[in-house]
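here's my sequence, what's the structure:
(chains A and B)
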Amino acid sequence: MNEILKMKAKELKTKICSGELKSVDAVKACFERVREAEPKVKAFLKLNEEQSLKQAEDVDNKLKTGAKCGQLEGVPIAIKDNIMVKGETMTSASKYLEKYISPYDAMVIEKLKDAGAIFVGRTNMDEFAMGGSTETSAYQKTANPWDIERIPGGSSGGSAAAVASGMVPFALGSDTGGSIRQPAGFCGVVGYKPSYGLISRYGACALASSFDQIGTFAKNVTDAALLTSVIAGKDYRDPVCEPNERIDYANDIDNPDALKMLKIGIPKQQVDYKTDSEISKYFNDAISKMKLEGAEIVEIDVPAYKYVPALYKVIMCAEVSANIATFDGIRYGYRSPNGINLNDEYAKSRAESLGYEVKKRILFGTYVLGAKNYRRCYRQAQKVRTLLINQITEAYKKCDFIFSPATLQMPIKFGETLPEECDIFLTAANLAGLPGITVPCSFTSTGMPMGVHFMGSRFSDAKLFIAARAFEKISGFDANKRPVF
Amino acid sequence: MLKEELETTAFLARIDVKEDEKEKYLADINGMFDYIEILQEPDVTELNPTTHVTELRNVWREDIVKSCPREVIDQMLNGSPLREGTFYKIQKVIV
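Got it, this is the predicted structure:
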């Protein structure tokens, strides 16, 4: 594989800025790898080869004149297809938005453009991010680069697979119930979801608004932190975006004593769930390694973990039904030619353009929000959500981070069903608005990667990156190993 | 959920559900009812519901009309499956 693709994004940027490396060569290297990997992986819904080479040329020319170098100047990146880039299509992997052209840039895209990043393509996902396997995409199935008969996870499966197969150094995804961190675990890359409110969702297609966050994929923790530094920050156009000062998460990320001072909480409830034996083994090895580095391991008790799948389903579907209600086929999107009146047109437009999973969630969500059911269903779920948050807050009195396997099972083959508790420790972070990061841990006997997950308290994102980086250094995972096609 | 409830819900959601799809929807959605039951288990009468983990604040701005460039207006209107001049065209509302 081309040496350029083995570099950290930070190194790429430094070399491009110093003139040692051309952005054009970095982009060309990506597309060379795309030609090898993409026919089998199918991570992208759209690739912008010509446009990104042109952009890279502009960067190289600009830098020759001694112009100021942006934080990600000339570095290629892939974008999940539910984030708007002005003038480009954004399908959210749905037929409903097949012809949609984004009229403006998402806030994260504005920031990436300012930083000089180059958008090489749009990645596949579950339709409207509803799923955990990328199989509900209306366009194509994405394969796990380590075993193309298996799922990459989801919903940001395209972004995870693109980074894992080495086609791009990093990518953006979105995470509503584990949609970045679960595919990161399945594909052997770093996947980070910020604290709720750290990154603006302006210009991102909503799924469940009280959980949704945009986050980052990279091959290593430092690059994920670097990308986060670029896209985080306040934005008045997302009302839940907290007015935080800009932080450079990648700076000072290397702290040799990081683990020495840490208390790592292991949920007592972990044993209640069936876990793949190799995942258990490598997870326990990871604990031992951190202990050796001086971390203190404590048991924490969060009995409400058992409500996580139910809580997530009820609240998410309710919010889905409200968000998807804006898709009426009038101002944009698909409109059925078969409607005989306005109501019929709405109903047929949705029926003909949305996939089964999306429609099922809308129907269940509409039911739980119905006047007769609201109190017993949606409001009760919101109260149980408070119970879970209270218990997690209590647990953080005993520890700095909650540590678990990223997924309790290995990726399944296409068409099989993933057990719903597979990623409950990830989904808990969305329910409580907490930051979480998946870090690759080891390759199992079948050659597939498995990952571990650190969850921090609210707005402990900078510390979370430091801890994740410290673990990455001792994990023994070979981040330069790439799938062969 | 009974068939009639599915039909009412589908109407409220404005989703056309065909007769031969109803059985599958009913089986799947009824399977999801277990989630509602599980959530009745803990005693949460004293707890407040969490709608968002942040304190939602009102975001203020000056009430000033800013003109929108013609090309943006056109781009927005062009997103519509059917337009007439500067309007979105829809089916007759009053029949």
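
by residue count, what's the longest helix in the chain?
By default, I'm working from chain A. helix A:23-41 (DSSP state H).

think we crossed wires, I meant chain B
Chain B, longest helix under DSSP H: helix B:22-38.

which residues are in contact with that one?
Helix B:22-38 has contacts (Cβ atoms under 8 Å, 6 or more residues apart in numbering or on different chains) with A:306-307, A:309-310, A:313-314, A:317, A:359-360, A:363-364, A:367-368, A:376-377, A:380, B:1, B:3, B:6-7, B:17. No exception for glycine: its C-beta is placed from N, CA and C like everyone else's.

what sits closest to A:Ser475 if chain neighbours are left out?
Spatial nearest neighbour of A:Ser475, chain neighbours left out: A:Cys441 (5.5 Å); criterion: Cβ to Cβ, 6 or more residues apart in numbering or on different chains.

how far off centre is the strand or helix carrying the one you found?
Assessed by DSSP states H and E, A:Cys441 sits inside strand A:436-443. Here the centre of strand A:436-443 is set off from its chain's centre by 13 Å, with Cα atoms, centre = their mean, to the nearest Å.

now stretch A:349-357
Computed by Cα atoms, centre = their mean, the chain-centroid distance of stretch A:349-357 equals 25 Å.

any idea of the mean pLDDT for it?
Averaging pLDDT along stretch A:349-357 gives 97.

just the CA coordinates of it, formatted as CSV?
This file holds the C-alpha atoms of stretch A:349-357, laid out as CSV (Å, rounded to 0.1, in the frame of the first residue of the first chain):
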residue,chain,number,x,y,z
SER,A,349,-45.2,9.7,-1.3
ARG,A,350,-44.0,8.2,2.0
ALA,A,351,-45.2,4.7,1.2
GLU,A,352,-43.5,4.6,-2.2
SER,A,353,-40.2,6.2,-1.2
LEU,A,354,-39.4,5.1,2.3
GLY,A,355,-38.0,1.6,3.3
TYR,A,356,-39.8,-0.8,5.6
GLU,A,357,-37.6,-0.2,8.6
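
next one: the spatially most central residue of chain B from A:Val368, what distance?
Taking Cα atoms, centre = their mean as the criterion, B:Ala13 is the residue nearest the geometric centre of chain B, at 7.2 Å. Distance of B:Ala13 to A:Val368, given as Cβ to Cβ, to the nearest Å: 12 Å.

and the longest helix of chain A, what other elements does it pack with?
Taking 3 or more Cβ pairs under 8 Å, 6 or more residues apart in numbering or on different chains; DSSP states H and E as contact, the helices and strands that helix A:23-41 lies on are helix A:9-18, strand A:44-47, helix A:49-64, strand A:76-80, strand A:118-123.

let me have these in JSON lines, adding distance to chain B and mean neighbour count as columns.
Formatted as JSON lines, these follow (distance: least, Cβ to the nearest Cβ, whole Å; neighbours: other Cβ atoms under 10 Å in any protein chain shown):
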{"stretch": "helix A:9-18", "distance to chain B": "30", "mean neighbour count": "20"}
{"stretch": "strand A:44-47", "distance to chain B": "18", "mean neighbour count": "20"}
{"stretch": "helix A:49-64", "distance to chain B": "19", "mean neighbour count": "17"}
{"stretch": "strand A:76-80", "distance to chain B": "20", "mean neighbour count": "29"}
{"stretch": "strand A:118-123", "distance to chain B": "18", "mean neighbour count": "27"}
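
that'll do, ta.
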